[in-house]
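> Here you go, sequence then predicted model.
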Number of protein chains: 2
Amino acid sequence: MKLTTALYLVPVNISDAPFIDVLPEGNLSILKGLHHIIVENVRTARRFLKRCDPGFDIGAVTFYELNRHTDPMEVSGYLEPLRRGEPMGVMSEAGCPAVADPGALPVSIAQREGLKVIPLVGPSSILMALMASGFNGQGFSFNGYLPIEPKEREHKVRELEALSRKTSMTQIFIETPYRNNRMVESLAHTLKGDTLLCVACDITDPEKESIKTLPASKWKNMKYDYDKRPAIFLLYAGK
Amino acid sequence: MKLTTALYLVPVNISDAPFIDVLPEGNLSILKGLHHIIVENVRTARRFLKRCDPGFDIGAVTFYELNRHTDPMEVSGYLEPLRRGEPMGVMSEAGCPAVADPGALPVSIAQREGLKVIPLVGPSSILMALMASGFNGQGFSFNGYLPIEPKEREHKVRELEALSRKTSMTQIFIETPYRNNRMVESLAHTLKGDTLLCVACDITDPEKESIKTLPASKWKNMKYDYDKRPAIFLLYAGK
């Protein structure tokens, strides 16, 4: 890949899989040409780059931190090198930047100013969970986090189930990892027995990956332990 | 990656990009171990495998064709090798199998029977368009094709726009490539002037890729030619 003046969206591994199994080799040559990278956390970004290539010249990279502590007004300033003609990068903590993370903000600024944006290929737990669920991939929604309060959550789950039944769209959502087991339990009891629930966990992990689709009625009597593991939930109630 | 008894979901390139730039090297070692692959079209599947590796032993692979001519009742039989303990693959014509293609059917059968399903990393135009649009990636819907009939299409576009305004979700859809220009024109006139429209075209193509976000009012006076090019459309009317 030839490096050009653009905002590169650089995916990061989502498990302990060897990089060779989850990231195209071409991404590394792009990364090596970036001296300005917007990241969620500088420490983990450095570690990722070192794991990509132990010889990576991290000293040559200026990092710009973008997370919930960042003043959104500051983010536009981050893009100065790009405006001057230098390629820049955006990296997430895990997976594809600008999907379910703060990375969309610099991208939207770049788009507004007509600056070029180039997404690179990498692992996305949302997409890979959808592929492996067996559910409808011709129509689907990612809903982020559901409400925490039990009554509100039940209401939302029933709403997504009804929507899936009506539109045949797959409904995808996530939970804070330490509440995953409670989420499965709550789904198993809230959903109608024949609604399909897929729990996709530790995606791309060579040892721990588990992607399982079963009717809600079967999840009730299943043994599982998803707590503190990265998981995605998908439900399907269509034809 | 160690080959195991599973249904591997193997992504395929979506442009003329060198494979090294869009597919992890590990995918090839998996592919080389698969002697049974479900494909949409045998001829293009062979071509892909040969491009992956000119020395690929295609003679050792049995292909199972799955497309709109396939009797769905036959698909379960395709999985016999997997039931016997042999790894199998599913490949799409382009991009990630089981997302916006018929591949979801064998996956759902495998899931029903408790057979292992392993998704591999590769390019997805839906996800990459979303990343590069600058739109909300914390909530989004992929809607497949919109209705062809102009009145119905306008109605659907307005519905998606209203939904995006209300929920702040990004709305994604596609069109048959030879109607892309008409789609942009229709969107530019149907959407409110300040609703953002992103057209993502030839994703991952090193020469032709173009991912542009502008308010609908600006698309009205733009020059573009997206016809016969693979494109994705995204709209955003949220805060």
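Yep, that arrived.
> Return the residues in contact with A:Ser92.
A:Pro11, A:Val12, A:Glu40, A:Ala98, A:Val99, A:Asp101, A:Gly103 (CB atoms under 8 Å, 6 or more residues apart in numbering or on different chains). Where you see a C-beta, it was placed from the backbone N, CA and C, and this is true even at glycine.
> roughly how far apart are the closest residue to it other than its chain neighbours and A:Ser125?
Sequence neighbours aside, A:Asp101 is the residue nearest to A:Ser92 in space, at 4.6 Å (criterion: CB to CB, 6 or more residues apart in numbering or on different chains). A:Asp101 is 12 Å from A:Ser125, where distance means CB to CB, to the nearest Å.
> Give me the common contacts of the two.
Shared contacts of A:Asp101 and A:Ser125 (CB under 8 Å, 6+ apart): A:Gly95.
> Quick check on those two: which one has the bigger neighbour count.
Neighbours per residue, other CB atoms under 10 Å in any protein chain shown: of A:Asp101 and A:Ser125, the larger number sits with A:Ser125, 25 against 20.
> Which phi and psi values does that one adopt?
A:Ser125 has phi and psi values of phi -70, psi -30 when expressed as degrees, to the nearest 10.
> swap in A:Asp53?
Torsion angles, degrees, to the nearest 10, at A:Asp53: phi -160, psi 110.
> what do you get for the one 10 residues further on?
A:Phe63 adopts backbone torsions of phi -100, psi 140, taken as degrees, to the nearest 10.
> For it, give me its contacts.
A:Ile37, A:Ile38, A:Val39, A:Val42, A:Ala45, A:Arg46.
> and the last one, which of the three is it?
When states are read from DSSP: H, G, I helix; E, B strand; the rest coil, the local structure at A:Arg46 comes out as helix.
> Quick check: A:Glu65 touching A:Val42?
Yes. Applying CB atoms under 8 Å, one finds A:Glu65 in contact with A:Val42, separated by 5.9 Å.
> Could you list the buried residues of the longest helix anywhere in chain A?
The longest helix of chain A (DSSP state H) is helix A:150-167. Residues A:Arg153, A:Glu154, A:Lys156, A:Val157, A:Leu160, A:Glu161, A:Leu163, A:Ser164, A:Thr167 are the ones in helix A:150-167 that count as buried (16 or more other CB atoms under 10 Å in any protein chain shown).
> Model confidence score at A:Met73, please.
On the pLDDT scale, A:Met73 is placed at 89.
> What helix or strand is it located in?
helix A:72-78 (DSSP states H and E).
> isn't there a strand covering A:Phe233?
Yes. Under three-state DSSP, A:Phe233 sits within a strand.
> Around the closest residue to it other than its chain neighbours, count how many other residues there are.
Spatial nearest neighbour of A:Phe233, excluding adjacent residues (CB to CB, 6+ apart): A:Phe173 at 5.3 Å. Neighbour count for A:Phe173, taken as other CB under 10 Å: 21.
> so what's A:Phe173 up against?
Going by CB under 8 Å, 6+ apart, the list of residues near A:Phe173 reads A:Phe142, A:Asn143, A:Gly144, A:Tyr145, A:Leu146, A:Leu160, A:Ile232, A:Phe233.
> one more time with 7 Å
Neighbouring residues of A:Phe173 by CB atoms under 7 Å, 6 or more residues apart in numbering or on different chains: A:Asn143, A:Gly144, A:Tyr145, A:Leu146, A:Phe233.
> Please identify the buried residues of the helix holding A:Met73?
Those would be A:Val75, A:Tyr78, for helix A:72-78 by 16+ other CB under 10 Å.
> Kindly report the same for stretch A:40-58.
Within stretch A:40-58, the residues scored as buried using 16+ other CB under 10 Å are A:Glu40, A:Asn41, A:Ala45, A:Phe48, A:Leu49, A:Cys52, A:Phe56.
> How about stretch A:223-238?
Buried, per 16+ other CB under 10 Å, within stretch A:223-238: A:Tyr224, A:Tyr226, A:Arg229, A:Pro230, A:Ala231, A:Ile232, A:Phe233, A:Leu234, A:Leu235, A:Tyr236, A:Ala237, A:Gly238.
> Would you map the strands across chain A?
Taking DSSP state E as the test, the strands found in chain A are A:7-10, A:36-39, A:62-65, A:88-91, A:117-119, A:140-145, A:170-174, A:196-201, A:210-215, A:231-236.
> Mind putting the ones you listed into a markdown table with mean pLDDT?
Compiled in a markdown table, the strands of chain A are given as follows (pLDDT from 0 to 100):
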| stretch | mean pLDDT |
| --- | --- |
| strand A:7-10 | 98 |
| strand A:36-39 | 97 |
| strand A:62-65 | 96 |
| strand A:88-91 | 97 |
| strand A:117-119 | 98 |
| strand A:140-145 | 96 |
| strand A:170-174 | 97 |
| strand A:196-201 | 98 |
| strand A:210-215 | 97 |
| strand A:231-236 | 98 |
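> could I get the ones you listed as CSV with distance to A:Gly77?
Output for those, formatted as CSV (distance: least, CB to CB, whole Å):
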stretch, distance to A:Gly77
strand A:7-10, 14
strand A:36-39, 11
strand A:62-65, 9
strand A:88-91, 12
strand A:117-119, 18
strand A:140-145, 28
strand A:170-174, 31
strand A:196-201, 38
strand A:210-215, 41
strand A:231-236, 34
